[in-house]
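>>> Based on what follows, work out the 3D shape:
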Amino acid sequence: MTVHDPIFASAPVNRKAIPDDAAMLRAAADLTREYSVANPAIYWPDMLASALLGYAALATGIMVDSVPLALLSGLVAMLALYRAASFIHELTHIRKGALPGFRLGWNLLVGIPLMIPSFLYEGVHTQHHARTRYGTADDPEYLPLALMKPWSLPLFIIVASLAPIGLILRFAVLTPLGLVLPSLRRLVREKYSALSINPAYRRRAPEGEFRRQWLWQEGGACLFAIALVASPAVLGWKPLLVYMAVHSGMTVINQLRTLVAHLWENEGEAMTVTAQYLDSVNVPPPSPFAALWAPVGLRYHALHHLLPSVPYHALGKAHARLIATLDTESPYHRGNYAGMWPLVGKIARSTMVKR
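The predicted structure is shown next:
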């Protein structure tokens, strides 16, 4: 398997000029038909085990007095809950009826307790996959990070570390106030109701069944956030502080993963599917830690942009098939990288280039 070395590819590429590669797209389309069925026997145990391990480790970190054991428990909780939370990405792509009850179960067990109910992502992430939106000003999940100022990358991570505070403010303060202040409610819906990185993105009002899902999920997150704020009066400060630390660490890992999910080199022009693939990143085996920082199939992010309907548990097989099928000159081989830190270094160097 060819692994692309980002060290020797630091200059931004004119991706809008890259034509589609017919052989790669045809092979990907064939695999979509073969691997597009989500398996409940994989989804449910994986999500439940990740959540159970995460909450057990979180409780251990709160209850133990040993600092080393508390730190170890916090690390386990952070990684396990991060994996459980990552299923929000799968929820946006699952076909209706494919996994009965999974959305409800995930929101009750993970989304609401972590204050990231699925309405924050559903209806948003699919816009990132739209052929004419990806990488443009209308993409909620894209910024030309590689072409921005050097201070933009540290700020990108610092903002993520403050996410638990922002989520508490969103649900414990702004949601109740929005019930009595319609103008605030509209502001919150447009600007603070999406897991996006594009500050110019504005969200439209939900309709139909999705509106009903939004309302109960937001209500649940609101009640949990209020309980969280009130908890020190009953439980003391330690449970809240440990929860916040684990949540913050989990969000920082995800932000680092987001930082290397794409090369972020597009300046707003629409791109071909092949160009979108080459602006995205796979970190396939044998990378030893990618399964931890890019769980639930996120290590195959470039492949996911070719096969958005393929469930996470089939992406590894699809990747192996494409590597074996496509010749070494195929663009597919140029979307594979060795790990996180070389990619972070590539983006950091790109921000330092004078423009």
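>>> got a list of what Ala137 touches?
Counting by C-beta atoms under 8 Å, 6 or more residues apart in numbering, Ala137 touches Asn198, Ala200, Gly268. For every residue, glycine as well, the C-beta is placed using N, CA and C.
>>> And it, how far from Gly268?
Separation of Ala137 from Gly268 (C-beta to C-beta, to the nearest Å): 5 Å.
>>> Turn the contacts of Ala137 into JSON lines, including pLDDT.
What follows is those, written out as JSON lines (pLDDT from 0 to 100):
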{"residue": "Asn198", "pLDDT": "95"}
{"residue": "Ala200", "pLDDT": "94"}
{"residue": "Gly268", "pLDDT": "87"}
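>>> count of neighbours near Phe87?
Using other C-beta atoms under 10 Å, Phe87 is surrounded by 25 other residues.
>>> Surely it and Asn107 touch.
No. Phe87 sits out of contact with Asn107 when judged by C-beta atoms under 8 Å, with a separation of 10.4 Å.
>>> Using the three-state scheme, assign Leu322.
helix (DSSP: H, G, I helix; E, B strand; the rest coil).
>>> Can you pull the poorly scored residue ranges out of the protein?
1-16, 355 (pLDDT under 70).
>>> give me that answer again for 80
Residues of the chain that meet the criterion pLDDT under 80 lie in 1-17, 32, 354-355.
>>> Now flag whichever of the contacts of Ala137 is closest to Arg103.
Asn198 (25.0 Å; C-beta to C-beta).
>>> need the contact list for that closest one.
Ala137, Asp139, Pro140, Glu141, Tyr142, Leu143.
>>> can you do 6 Å?
Pro140, Leu143 (C-beta atoms under 6 Å, 6 or more residues apart in numbering).
>>> Can you pull the phi/psi pair for it?
phi -90, psi 110 (degrees, to the nearest 10).
>>> The closest residue to Tyr134 other than its chain neighbours and Leu108, how far apart?
Nearest residue to Tyr134, sequence neighbours excluded (C-beta to C-beta, 6 or more residues apart in numbering): Gln276, at 5.0 Å. Gln276 sits 34 Å away from Leu108, going by C-beta to C-beta.
>>> same question, Thr92
18 Å.
>>> again with Leu52
14 Å.
>>> Need the overlap of contacts for those two.
Common contact partners of Leu52 and Leu108 (C-beta under 6 Å, 6+ apart): none.
>>> My read is that Pro331 contacts Pro19, right?
No. The pair Pro331 / Pro19 is not scored as a contact, 9.9 Å apart, by C-beta atoms under 6 Å.
>>> now do the same end-to-end measure for stretch 135-151.
21 Å (C-alpha to C-alpha, to the nearest Å).
>>> residues of it that come out buried?
135-136, 138-148 (16 or more other C-beta atoms under 10 Å).
>>> Which member of the residues you listed is positioned nearest Phe171?
Of the buried residues of stretch 135-151, the one sitting nearest to Phe171 (C-beta to C-beta) turns out to be Pro140, at 19.9 Å.
>>> How much space separates that closest one from His128?
In terms of C-beta to C-beta, Pro140 sits 6 Å off from His128.
>>> ok, now Ser330?
24 Å.
>>> Looking at those two, which has the bigger crowd around it?
His128 (22 against 18).
>>> Might one say that the more buried one is in contact with Glu141?
Yes. With contact defined as C-beta under 6 Å, His128 and Glu141 form a contacting pair (4.1 Å).
>>> what sits in contact with each of those two?
Counting by C-beta under 6 Å, 6+ apart, nothing touches both His128 and Glu141.
>>> Phi first, then psi, for His262.
Torsion angles, degrees, to the nearest 10, at His262: phi -140, psi 170.
>>> My understanding was that it contacts Asn282; is that so?
No. Counting by C-beta under 6 Å, His262 stays clear of Asn282, with 11.4 Å between them.
>>> Stretch 321-332: end-to-end distance?
11 Å.
>>> List the buried residues of it.
Buried, per 16+ other C-beta under 10 Å, within stretch 321-332: Arg321, Leu322, Ile323, Leu326, Ser330, Pro331, Tyr332.
>>> What are the contacting residues of it?
Contacts for stretch 321-332 (C-beta under 6 Å, 6+ apart): Met1, Asp21, Met24, Ala27, Thr274, Leu278.
>>> now that stretch, how far from the chain's geometric center?
Averaging C-alpha positions (C-alpha atoms, centre = their mean, to the nearest Å) puts stretch 321-332 27 Å from its chain's average.
>>> Surely Leu79 is in a helix?
Yes. Assessed with three-state DSSP, Leu79 lies in a helix.
>>> quick one on the thing from earlier: biggest separation within the buried residues of stretch 321-332, which pair?
Arg321 and Pro331 (16.1 Å).
>>> Surely Pro150 is in contact with Val353?
No. The criterion here is C-beta under 6 Å, and Pro150 misses it with Val353 at 9.8 Å.
>>> Helices of the stretch 201-350 of the chain, start to end?
208-230, 232-235, 238-259, 273-278, 290-293, 301-306, 312-325, 340-351 (DSSP state H, counting those that start in this stretch).
>>> which one of those lies closest to Leu48?
So among these, helix 312-325 is nearest, using C-beta to C-beta, at 14.9 Å.
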